[in-house]
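Visitor: have a look at this prediction, sequence included:
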Amino acid sequence: MTHLPDGRYVDDAPYDPQASIQQLERRDLDAPNWILIWRKFKTHKLGLISGIFLLLCYLMLPFAGFLSPYTPNERQSDHLYAPPQSVQWFHEGEFVGPFIYPITAEADLETFQWKFVPDTDTPLPIRFFCEAGEYNLAGLIPSDTHLFCAPEGATLFLWGSDRLGRDVFSRIMYGAQLSLTVGLIGISVSFFLGIILGSMAGYFGGKLDWFINRIIEILRSLPELPLWLALSAAVPSNWGPVSVFFIISVILGILDWPGLARAVRAKFLSLREEEYVRAAEMMGASSGRVIRKHLLPNFMSHLIASATLSIPAMILGETALSFLGLGLRAPAVSWGVMLNDAQNLASIEIYPWTAIPMLPIIVIVLAFNFLGDGLRDSLDPYQQ
Amino acid sequence: GGIPPLQESTFWQAEVDAGDLPPVQERIPDQPIIVDLEARGRELGTPGGTLNTMVTRSKDIRQMVVYGYARLVIYDENYQLVPDLLASFENEDNKTFTLRLREGHKWSDGSPFTSADFEYWWKDVTNHEMLRPSGPPDFLRVGGELPEVSFPDPLTVVYSWSKPNPNFLQSLAQARPPFIYRPSEFLKQYHGDYADPAQLAEEVEDTRVKSWAALHNKRDNMYKFDNHELPTLQPWINASSGKKIRHNFVRNPYYHRVDTNGVQLPYIDIVQMEIVAPGLVAAKSNAGQSDLQGRGLDFRDVSILKKGEADGDYKTRLWQTGVASQIAIYPNLNFADDVWREVLRDVRVRRALSLGIDRDTINKALYFKLAKPGSMTVLPTSPFFEQENRDAWAAYDPKAADALLDEAGLTKRNANGIRLLPDGRPMEVVIETAGERQEVENALQIVTDTWRDIGVKLVMRPLDRDILRNRVYSGNSMASVWFGWDNGIPQSYTSPGYLAPTDQVFLAWPKWGQHFQTNGAAGEAPDVPEAQRLLELLKIWENATTDAERETAWREMLAIHADQLFGIGMLAEAPQPIVVSSRMRNVPQKALWAWEPGAHFGIHRPDEFFVAD
Amino acid sequence: MSILRYAIYRFMTMLLTLLVVSALVFVIINLPPGDYLSNQIAELRASGQSAGVAKAEFLRKEYALDRPLYQQYLIWIGFIPGPQGFSGLLQGDFGWSFEFDRPVAEIVGESLWLTVLVNVAAVLFVYMIALPLGVLAAARSRTWVDYTSAFVGYLGLATPNFLLALIMFYYGHKYFDLPIGGLMDPRFEGEPMTFEKMKSILIHLIVPTFVIGTSGAAAMMQRLRANLLDELGKPYVETAIAKGMAPSRMLTKYPLRMAFNPFVADIGNLLPSMVSGSVLVSVVLGLQTIGPTLLTALKTQDQFLSAFVLMFVALLTLMGTMISDVLLVLLDPRIRYEGRET
Amino acid sequence: MTPLLSVENLSIGFGDAEPVVQNVNFEVAPGETLALVGESGSGKTVTCRAVLRILPRIARIATGRITLNGGEAPLTLTELSERKMRDIRGDRVSMIFQEPMRSLSPLHKIGNQVSEVLWLHRGMSEKEAKREVLQTFDRVGFPDPERAYGSYPFELSGGMRQRAMIAMAMVSKPDLLIADEPTTALDVTTQAQVLGLIKELQQEIGMALILVTHDLGVVANMAEKVVVMHKGRVMESGSAADVLRAPAHPYTQQLFDAAPAIPDRAAVGLPMPGDDLILEMKNVSKTYTMRAGSAWKPEVKIHACRGVDLKLARGKTLAIVGESGSGKTTAARIALGAELPDPGGEVLFRPSGDEQQIAVHQMTRAARTAFQREAQMVFQDPYSSLSPRMRVLDAMTEPLEIHKIGSTSEQRDKAAEMLQRVGLNSDMLKRFPHAFSGGQRQRLSIARAMMLDPSLLVCDEPTSALDVSVQEQILTLLEEIQERLNLSYLFISHDLAVVARIADEVAVMRQGLVVEQAPPETLFYNPQHPYTKALIAAQPEPDIDRPIDLKLVAQGAGSPDNWSEAFRFSDTVIPSLIELEPGHKVRRHV
Ligand SMILES: Nc1ncnc2c1ncn2[C@@H]1O[C@H](COP(=O)(O)OP(=O)(O)OP(=O)(O)O)[C@@H](O)[C@H]1O
Ligand SMILES: Nc1ncnc2c1ncn2[C@@H]1O[C@H](COP(=O)(O)OP(=O)(O)OP(=O)(O)O)[C@@H](O)[C@H]1O
Ligand SMILES: [Mg+2]
Ligand SMILES: [Mg+2]
């Protein structure tokens, strides 16, 4: 450090006009965009954990049959409304490995409840890789091997049983197959339409906007309830519950897009006036490109949040629909069907385990939320 | 005997003192019904108090007419017809009916109740072109013929036909009775033939209806019970107007029944009927917010009701439902699909399907084993009950079912073990339900499992009740689920019309029913000998002159149903929870909960219930 | 185009759309097989109450239900005369409800203010909860405030409304003596508004507001948070900070307004949802709103009643979109509705 | 005397990368002006922001202390609570941001945004504040303060927005004003006016000023102290007189050497050849309708351009200078078809010498795509013209992608190469636009415009945010490309020295009209129009001994009413352009 006599300060470090102060890592330069996003995403711990969790959930779906001790509609008519049985390890202070105490039911005509008495003298070990009810692995390969099953002559209700003596745990596992998939179709349809039509209306404006807006208005003014009522009469009667539900969720999606479309349109109406959009247009970018590369990314956060928010609605949509006789129904199993069965006071107060399906819904929804949040963060330039 | 010394009710005391209301002696008929409660094992009560109860739709305030159960004639607790509003009646060969009114009987507004009210209905209402374009109701037509009606004196009304109309008096005792009388004094203000045209026009304008006829029809709602100005003869009169959450009904000062202490019935001063959401009835009962509740409660609510007894200060009683079957499957013999129709018409198939139902399991899962498994037939309370009818084809016997199906030619099966129809389609029975009752869904779930074992696939499809009916009537539905016959306790005087193909509402034969109802204009004539025989037997019953003849007809018809399984019943006598506040007296411990006959609480005489403090 | 001219133009479009919608509505409610009176007659017969059939026949004539559908529609709108002369919507006659046996106007009039009350409460709840929490969650993203509000919000969202209501009713009654169902103590019905009545209404509103509101609140909160997070990095926010604004004021004035764009677009939905938003919830909670009335009307095909309610909702929807379009222009001065030049 | 603000040993870094500001020290006394000069990207803005603690989220103050004196007790800004900081911001210390376009909320009226400071810190009522703000607006040179008050940012020209920013920072009369390149978007007369205003305030209330600028002329005219920065370090600091007269550090010397000046040799410029015109604008006018405040008030019409006729020959450079808000950007946008001229105007483009002219204002889709390949624009506001969610690499390769030129890796190589040519590091390709300094973004914008090798480039103030040495580099690059590829430029600038260096012909605009047009040599030595004269006089020179009288030159332009009879024009009476000598046109009455 040098101070000149006139009080001036002059830097005395060697001066190299070519030096650069910042050196980005080389690997960043060669990495494609998604790797950068992924790297960023990895730092969002909660998002990462949620993502992995969801991945596992989806990977598990084909093996639901293998992982659950019972098949979904298998009834144990002597164990109606059985409470959850806990898995024990030690019997009279001795290690036995995982086992349960068998339970027997008694009708209590005072309270009109089933009373279950565990037989604590006979520990029955849980069987592993055992044979029980038949199911189709991944919906294709018939099999009857289960990861674990009830001991011979006893039951294994990890999360209790329902009114007909069906295992809640197994039903939740099977229910995931429908709840985690079919509803998503509705979301996809509605997002697809909503984004496409909304962005066209917002970006092009003018006549197209007018036209799309009228469609939106009409669709929105059309009453949904009577449509459903009409539909419930019109669906061919020999369709299975799943295909009915599939169609319903597609229709749900078709009716659901206007909300999103209007949000997209409104945002695009304002975004299209941004200078960078003009710049892109002046470079000759096609409308599609402008929408995809410039407008949509700037609305991504909203879309991600909206998608996350539709998931519980889609999983539970059927509960509202079954009010009108259109929801999923037995023998199909889904979380909504199970909750529908649990919609009465007794299930809340006396048999709370029949409302357990709420838990996976909440967990899944939160996982999607955190995943979406992580994604949002890793796309956010200001967080870099 | 003589009339005991009458006591004025505290409720109306003030009005009587003020001179707005005549004293009780002048209000009740000259010969009131004197109820001997003690003879029937009931307590003599003290008047007063309020009864809270709930219904689930705003139009259900008409339940007060049902519960009130004041009819020209009523069923007593033994299901025998006795006069109620009438002083007496005479029946000549089911052709001529002479109805005699009580001297001095008054409507709730104090106007006299006389044969003029019957005449008004007959001449100025039901036979009036504008008020009833389609004329008098069906139950008054015998083979299309209308009765001769005459009104010889103010207390006498005579209905007569040339052919017997054995159902006439029973119709008058229905839960929803055909009111063949109207408060003429009140209604004439709205009748174009009587009222001052200018005033009427003004009234029509005010009410925003299109014509005086519409206005008259709107005011004239004996059953709907929603017009608080309309005089009534029921024990309680509507004291609130408009669409409300809670409707109040207060004691009718002119009611025609008194107890042996000279206390005018009803005992209870005020009935408060609250309209609540169907799903909340159990919750509110559980919280002790209803004094008397049957409607809106289901057997599955029992456990929670029992649990709430301690805090809610009530008891849960289990009555029996009076329908012939709690859950019954109706294969549609008029299904539009030719192949399926033939299959369903094969009695062996129906029997196999019935044998394939594990009724005990259903009973256990849904009713704590408290219902009675069995085919659809009458209940033991009926003189026609026979255990063998109930047991017919009702045991769970998959082997026998398999054999029957094989015998019926449905031997081929597909890879999943489902039998194939003659044309190669898999045997998937689509059963449509009204989607209102979860127990139906649960029961069908169990049936699904056991039917699969006999090679039949069950597909359940919940619909809305109107949609379901429309589909059945048009022949579009293969099979449906409903309750069994409404009237599970017929007596020999009960018309067996509902056992014969006379009405499309029996979901197994909509087209045959239409054919009968429209005199052949629509639908199809029954082409199954058993169904034809049912029609014959109905004829026999109608023309019978003795109870013995009627009884034989009844028994044969029941036997045919038990054998043919037109409706496949699952269980009967299911328990119905009745919540009764600990303050309530005279509510029976065990009883039948039936709409027809019985009008739910009606036959148990709620006007005799009272509140003890 | 000036705002005023734009608004007028939008209004004219609205009227046109309304006409189209009215026809569609009428067709849709008549889609399910049968009509009110034939269903009614069937129901009466099925329950052994054939006594009521005659009156139903009277109504069929009176209300031209025996005519073809298009004529019924024209009569209903008021383009052609019915059996009793012109009496359609255009003449101010909303029709007759068979189910309730009263003029439609009366029925709707009664439940309308309760409906508005419930839904305004719910909307207020949504905004009062969701706005501050959404802003807070964005301002304090990735902290416990953020996570807790997300969790609670999703809890409400992931529980079926009816179950949530039952739980709240049951335990609310058990532990806090909250009323079960209804919108006010029946004894206040028809009474003039007093402090007591007000209190009763407020207490009754707690559960419905919560049940209807939670899902909306969670949705709004999360979207708002996402949109706000996008805005927080923008330079104009720094400018505002550099002015020395307090964060709360700064957030609400600048980024919030920007983030509000998608919500303003959806304000259109707010109006109709004030009437129809909570149909199913109202049905299960037993609220005396228009919702249960509508559902009953639809299920029983009480066509004039359902058509009127639906038309009313449609009108609100159209007005809502119109308002939201105008608001959008006011909110963001850059917005033009003219088309691209190409 | 205690300094008002002292910055000690300040180091700031982004994330875990090497600090971009290292050990910076300086002090400002009350009433004093400190000029912060240096290379683009050297950390000037970051340093200034650190004072107010409004750094991007990921920025970390690694070491250092910033102290503010003058209040009751000295405050250590680096440690102050957020709450206390709020009272300082906007009140005692305010800041003019470098990029005013992005720094104003697009949804709020200018008046509202500016008055807010007074509401916040002075507790003024809306009316009082409005009066005060209108006054300030007038003083910073808004021709119509009322209109500006009710305008939205997008309705204003770049310079107007900058003036709004300046007004916002000054209304509250702070103790310390940090002005980050406050006059880059202003024409020289307006610049003089603004600088004069600042000086005035300094005298009135003893306001201290930190002035970040690259215009050494401004430094010479304003500053008492100078700090020279380079790559995050202070190279030299001291009194302005000493540093300017005898720069001690090699970087400082290099910087000063690069400063351009209006050459003072008289010469006669050649008029623009008229045979091979690449672009021709005929009678182009543009009228905007301002969104009226309420539904009932009449709409305000703004004539951004009035009858502009311009001709640009192939391979030549046509420069437009003029008053801020005079319609330069509008003319440029019309030239590129981004905006349609009012009916009657024509814009003609000839892709190459032997092809037909095409009308830019009425093109088919295909023609438009072809045109857009040939004609590119460098936007006045580079920040806004880059999508905030697109990495620079993607933004740079986008034009190539659109026109499907080259493979992905070729595109990337080209992007890297272009970046290096404008003096940026190719490893910045993976950053997002907001992570650059103002000057760096401007260079990005230039690099992007050249990615397609266009034949016509419209540059709207391409070098305003660049320090002289980088500016020199860019200008050289532009010239070199022009020579190599026969590129034509439409060049808009406020810096007359730059214009003098690069232009073949200069058009001077005022209030939407071209008032004088000539080759630079002619124009600078024989200016005819009073406005041109005023402009030239107002150009500050980097010579500390030849200060210009800010007040006087600011008045120089004056309003057209003060001009001599021959040049006066009004909304209705507009004289026509008259050719005085070949290639020299002036708008005057004959
Ligand atoms: N958010 C950021 N993330 C990473 N680097 C940044 C960020 N913002 C600025 N930089 C870098 O910090 C350095 C200093 O930037 P700064 O804006 O202070 O430069 P400057 O001196 O103001 O330059 P100019 O004269 O061009 O405005 C630059 O190299 C820039 O690239
Ligand atoms: N979208 C718009 N709406 C209304 N007025 C506008 C709009 N765009 C520009 N103007 C007005 O047109 C005039 C010319 O603006 P323009 O941007 O062309 O000026 P400029 O010469 O580029 O100025 P500067 O040097 O300050 O950038 C200004 O008065 C400006 O307020
Ligand atoms: Mg800078
Ligand atoms: Mg400009």
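Guide: Everything's here; your move. Ligands and ions are numbered 1, 2, ... in the order given.

Visitor: and the residue of the stretch 101-250 of chain C found nearest ligand 3, how close does it get to D:Y383?
Guide: Across the stretch 101-250 of chain C, the shortest distance to ligand 3 (Cβ to the ion) belongs to C:P235, at 12.2 Å. Every C-beta, even on glycine, is put in place using the N, C-alpha and C of the backbone. Using Cβ to Cβ, to the nearest Å, C:P235 is found at 8 Å from D:Y383.

Visitor: so what's the residue nearest to B:G602 when sequence neighbours are not counted up against?
Guide: Nearest residue to B:G602, sequence neighbours excluded (Cβ to Cβ, 6 or more residues apart in numbering or on different chains): B:Y69, at 3.0 Å. Counting by Cβ atoms under 8 Å, 6 or more residues apart in numbering or on different chains, B:Y69 touches B:175, B:599, B:601-603, B:605-606.

Visitor: can I get those in TSV with pLDDT?
Guide: Shown next, in TSV, are the contacts of B:Y69 (pLDDT from 0 to 100):
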residue	pLDDT
B:A175	86
B:A599	84
B:F601	91
B:G602	90
B:I603	90
B:R605	90
B:P606	91
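
Visitor: ignoring the adjacent residues along the chain, who's closest to the residue of the stretch 101-250 of chain C closest to ligand 3?
Guide: Nearest non-adjacent residue to C:P235 (Cβ to Cβ, 6+ apart): D:R102, at 4.3 Å.

Visitor: now the strands for the stretch 101-250 of chain B?
Guide: Here the stretch 101-250 of chain B has its strands, by DSSP state E, counting those that start in this stretch, at B:148-153, B:156-160, B:236-238, B:246-251.

Visitor: out of these, the one nearest B:S184 is which?
Guide: Checking these against B:S184 by Cβ to Cβ gives strand B:148-153 as the closest, at 11.6 Å.

Visitor: list the beta-bridge partners for B:V611.
Guide: B:M584 (DSSP bridges).

Visitor: what's around it, how many residues?
Guide: The local packing of B:V611 (other Cβ atoms under 10 Å in any protein chain shown) involves 19 other residues.

Visitor: so what's the residue of chain A at minimum distance from ligand 2 up against?
Guide: Relative to ligand 2, the nearest point of chain A is A:E273 (9.0 Å; Cβ to the nearest ligand atom). When the contact criterion is Cβ under 8 Å, 6+ apart, the partners of A:E273 are C:334-336, D:154.

Visitor: with neighbour count added, can I get these in a markdown table?
Guide: Conversion of these to a markdown table gives the following (neighbours: other Cβ atoms under 10 Å in any protein chain shown):
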| residue | neighbour count |
| --- | --- |
| C:R334 | 18 |
| C:I335 | 20 |
| C:R336 | 16 |
| D:F154 | 17 |
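
Visitor: for those residues, point out the one with the lowest pLDDT.
Guide: When the contacts of A:E273 are compared by pLDDT, C:R336 scores lowest at 77.

Visitor: any idea how far D:I334 is from that one?
Guide: When C:R336 is compared with D:I334 (using Cβ to Cβ), they lie 18 Å apart.

Visitor: what does A:A261 give?
Guide: For A:A261, the distance to D:I334 (Cβ to Cβ) stands at 34 Å.

Visitor: ditto for D:L104
Guide: Distance, D:L104 to D:I334, using Cβ to Cβ: 24 Å.

Visitor: what about the strands in the stretch 101-250 of chain C?
Guide: Counting by DSSP E, counting those that start in this stretch, the strands of the stretch 101-250 of chain C are C:102-103.

Visitor: burial of residue 67, as a residue count?
Guide: Here I'm looking at chain A. Other residues close to A:L67 by other Cβ under 10 Å number 15.

Visitor: that answer is for a different chain, and I need it for chain B
Guide: So B:Y67, with other Cβ under 10 Å, has 29 neighbours.

Visitor: one more: A:D6?
Guide: Neighbours of A:D6 under the rule other Cβ under 10 Å: 12.

Visitor: leaving out the residues flanking it, which one is nearest to it?
Guide: Closest residue to A:D6 apart from its sequence neighbours, by Cβ to Cβ, 6+ apart: D:D242 at 5.0 Å.

Visitor: only the buried residues of the helix or strand hosting the one you found, if you could.
Guide: For D:D242, the element it lies in under DSSP states H and E is helix D:240-245. For helix D:240-245, the neighbour count (16 or more other Cβ atoms under 10 Å in any protein chain shown) marks D:240-244 as buried.

Visitor: of the residues you listed, closest to C:G134?
Guide: D:A240 (50.9 Å).

Visitor: my read: that closest one touches D:N221, true?
Guide: No - judged on Cβ atoms under 8 Å, D:A240 makes no contact with D:N221 at a distance of 9.6 Å.

Visitor: remind me which residues of the stretch 1-150 of chain A are low pLDDT?
Guide: Scanning the stretch 1-150 of chain A for pLDDT under 70 picks out A:1-2, A:17-30.

Visitor: quick one, helices of it?
Guide: All helices of the stretch 1-150 of chain A, identified by DSSP state H, counting those that start in this stretch, fall at A:26-30, A:33-42, A:45-60, A:64-67.

Visitor: so which of these gets nearest D:L52?
Guide: Nearest of the helices of the stretch 1-150 of chain A (Cβ to Cβ): helix A:33-42, 28.5 Å.

Visitor: relative to D:E224, how far out is the residue nearest to A:D6?
Guide: D:D242 is 11 Å from D:E224, by Cβ to Cβ.

Visitor: show me what the longest helix seen in chain B is packed against.
Guide: Scanning chain B for the helix with the most residues, using DSSP state H, yields helix B:547-564. Helices and strands touching helix B:547-564, by 3 or more Cβ pairs under 8 Å, 6 or more residues apart in numbering or on different chains; DSSP states H and E, are helix B:347-355, helix B:387-391, helix B:529-543.

Visitor: report the strands that pair with the helix or strand following it, each with its relative direction.
Guide: Per DSSP H and E, the first helix or strand lying C-terminal to helix B:547-564 is strand B:568-572. Sheet pairing here is set by DSSP bridges, and for strand B:568-572 it gives strand B:327-331 (antiparallel), strand B:372-373 (antiparallel).
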